[in-house]
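[1] Have a look; sequence and predicted model below, questions after that.
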Amino acid sequence: MSQSIREPVNSRGTRSKAAIAALILAAPVVAAPGTARARPAAAPGAHPAGAVLTWDVHAETAIFDRARQSPTAAARSFAIVQGAVYDAVNAVAGAPYEPYLVAPRSRPGDSTPAAVATAAYRTLRWLFPDQAEPLRAQYEQALAAIPDGRPERGGVAVGAAAAAAMIEARRDDGAFSDATWRVGTRPGEWRPTPPGFLQVGAWYATLKPFVIDDPGDYRTPGPPALRSAAYARDLNEVQSLGSAASTSRTPDQTDAAKWWDDPRQVEWAIGRQLAATRRLGELQTARLLAMAGVAAADALVACYKEKKYWSFWRPVTAIPLADTDGNPATRADPSWTPLRTTAPSTEYPSGHACYTSAVTAGWGRFFGRDDISFSAYSADSGTTRRYGSLAEARAELGEARIWAGVHYRSASDDGTRLGSAVARAVLDREFGRRGD
């Protein structure tokens with residue numbers, strides 16, 4: 001099995017949005033909790049770009065700070081929240097774009113901030129029921145800034161319907177199942193890695209996709225054969241540049257390895273920055289974030305399906321055991337350790353490369369160009385990095401996984417191609433202007 005990456009030819013519309021819409025719109029909308037309430041004072045410092053970005057920050061807090069989800073699990077959560085927010089904002093705006101799932105009924109004047117807050121709040125409450133108290137406080141604070149009346153009630157109803165559609169679509173989607181990675185003992189086969197020797201994230205390989213019909217339609221050629229010259233080049237490169245004690249890696253490469261390894265996903269902050277600095281309105285901000293988030297989630301589903309199939313060993317395993325790989329061009333180093341901690345999942349293809357290529361594909365499709373400059377600060381590295389284009393960022397991410405000592409070049413290159421292919425398929429089917 002060594003096929004090149006290809007895109008599916010399935011026609012649009014295999015997922016029944018009409019059925020979901022009929023189910024949700026036929027049901028009465030339950031009033032949002034706390035509608036009859038004493039209004040607390042609105043907190044100062046609300047994000048100047050509007051409710052969509054404010055609730056994106058709230059989602060990040062819920063997902064990373066309180067739930068402490070892994071970046072992979074966070075991708076699903078982010079897609080759920082932002083997909084519902086997009087449908088809500090699009091509906092209030094008169095549905096000029098194709099809805100992701102549903103375009104709830106709306107009336108002129110319905111409050112966009114109320115729709116955003118309700119869609120985000122209800123999906124986050126569903127995702128994290130143990131966070132009910134802080135989420136409700138954020139929700140009530142958001143509604144407190146909106147005048148009472150029909151516009152607020154209309155926005156709440158639209159947001160509730162969009163959230164209900166998303167929750168119905170993602171119920172029993174396979175998240176957090178007890179799936180495990182296949183553990184091997186022969187050269188090339190994956191085995192748990194230090195320091196925790198854990199099994200994490202295998203459930204993503206069978207997660208229900210958000211858009212694509214079959215993740216198996218997207219294939220990679222597989223890692224290089226152990227006895228090949230390509231494998232020796234891959235292993236020797238990461239052995240030299242990715243070692244914790246490397247003398248070959250430059251200070252800037254070390255900085256990049258740490259910056260891209262930020263567990264809070266620096267891409268989230270970049271998406272918000274792109275929306276804010278380009279002064280996007282609520283609808284376009286919601287669309288930008290949903291395009292990137294949904295594309296990334298599906299890219300990871302396809303990526304993790306490939307990870308499970310190839311079950312290839314990580315450098316932290318392969319380099320100490322290089323004397324068993326049958327390749328005379330590799331050299332074992334039993335004391336070798338990577339610069340950054342290896343994720344508890346199989347090596348090929350790189351999940352981070354799949355994710356980043358899909359996110360940047362979403363940004364590129366939205367703006368219609370690649371030469372988008374941006375910068376972002378990472379608390380993990382304590383530094384800010386700047387890029388002149390999306391292609392420049394993608395290229396550095398691939399190198400950074402090598403400099404971190406956690407991936408081979410083939411895993412990053414093929415992960416980038418896989419993520420881009422899935423993102424194209426997602427964005428060809430979703431988030432376009434109606435009638436196009």
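    Here it is on my side, so go on. Everything numeric in this text was worked out from a predicted model, so none of it was measured.
[2] confidence score at the closest residue to Phe431 other than its chain neighbours?
    Distance criterion Cβ to Cβ, 6 or more residues apart in numbering; nearest residue to Phe431, sequence neighbours excluded, is Met291 at 5.0 Å. The C-beta positions use only the backbone N, C-alpha and C, and glycine is treated the same way. On the pLDDT scale, Met291 is placed at 98.
[3] repeat for Asp262
    For Asp262, the predicted pLDDT is 87.
[4] residue contacts, it?
    Shown in contact with Asp262 (Cβ atoms under 8 Å, 6 or more residues apart in numbering): Ser378, Ala379, Asp380, Ser381.
[5] so the third one sits right up against Ala257, yeah?
    In other words, Asp380. No - in this structure, Asp380 is not within contact of Ala257 by Cβ atoms under 8 Å, at 10.4 Å.
[6] quick one, which of these two is more surrounded?
    Higher neighbour count among Asp380 and Ala257: Ala257, with 26 against 15, using other Cβ atoms under 10 Å.
[7] List the buried residues in the host helix or strand of the more buried one.
    Here Ala257, judged by DSSP states H and E, is contained in helix 251-260. The neighbour-count check on helix 251-260 (16 or more other Cβ atoms under 10 Å) flags Gln253, Thr254, Asp255, Ala256, Ala257, Lys258, Trp259, Trp260 as buried.
[8] Distance to Asn236 for those - can I get that in TSV?
    Below are these laid out as TSV (distance: Cβ to Cβ, whole Å):
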residue	distance to Asn236
Gln253	16
Thr254	19
Asp255	23
Ala256	20
Ala257	18
Lys258	23
Trp259	25
Trp260	22
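[9] ok, of those residues, which one's closest to Gly174?
    Trp260 (28.3 Å; Cβ to Cβ).
[10] so that closest one sits right up against Ala353, yeah?
    No - when contacts are counted by Cβ under 8 Å, Trp260 is not listed as touching Ala353 (10.1 Å).
[11] all helices of the stretch 1-150 of the chain, in order?
    Under the criterion DSSP state H, counting those that start in this stretch, the stretch 1-150 of the chain carries helices at the ranges 17-26, 51-60, 71-92, 112-127, 132-144, 150-170.
[12] Nearest to Thr341 among the ones you listed would be which one?
    helix 71-92 (12.9 Å).
[13] so that closest one versus helix 112-127, what angle?
    150 degrees (axes from the mean of the first three to the mean of the last three Cα atoms, to 10 degrees).
[14] What lies in contact with the following helix or strand past the helix holding Ala257?
    Per DSSP H and E, the first helix or strand lying C-terminal to helix 251-260 is helix 266-277. Applying Cβ under 8 Å, 6+ apart, the external contacts of helix 266-277 come out as 47-49, 52-53, 56-57, 60, 78, 259-260, 280, 284-285, 288-289, 292, 355-356, 359, 363, 367, 372, 374-378.
[15] ok now do the residue lying closest to Tyr100 once chain neighbours are set aside, which residues does it touch?
    Excluding the flanking residues, the one nearest Tyr100 by Cβ to Cβ, 6+ apart is Gly83, at 4.9 Å. Listed by Cβ under 8 Å, 6+ apart, the contact set of Gly83 reads Tyr100, Leu101, Met166, Phe210, Ala290, Gly293, Val294.
[16] Alpha carbons of stretch 84-94, as PDB, please.
    Output of stretch 84-94 as PDB, limited to C-alpha atoms (Å, rounded to 0.1, in the frame of the first residue of the first chain):
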ATOM      1  CA  ALA A  84     -22.200  26.700  15.700                       C
ATOM      2  CA  VAL A  85     -21.200  30.300  16.100                       C
ATOM      3  CA  TYR A  86     -20.800  30.600  12.300                       C
ATOM      4  CA  ASP A  87     -24.300  29.200  11.600                       C
ATOM      5  CA  ALA A  88     -25.800  31.600  14.200                       C
ATOM      6  CA  VAL A  89     -24.100  34.700  12.800                       C
ATOM      7  CA  ASN A  90     -24.800  33.700   9.200                       C
ATOM      8  CA  ALA A  91     -28.500  33.200  10.000                       C
ATOM      9  CA  VAL A  92     -28.800  36.600  11.700                       C
ATOM     10  CA  ALA A  93     -27.100  38.200   8.700                       C
ATOM     11  CA  GLY A  94     -29.700  36.600   6.400                       C
END
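[17] Report the buried residues of that stretch.
    For stretch 84-94, by 16+ other Cβ under 10 Å, it's Ala84, Val85, Tyr86, Asp87, Ala88, Val89, Asn90, Ala91, Val92, Ala93.
[18] Can you tell me which of these is nearest Pro108?
    Distances from Pro108 to the buried residues of stretch 84-94, taken by Cβ to Cβ, are shortest for Val92, at 9.3 Å.
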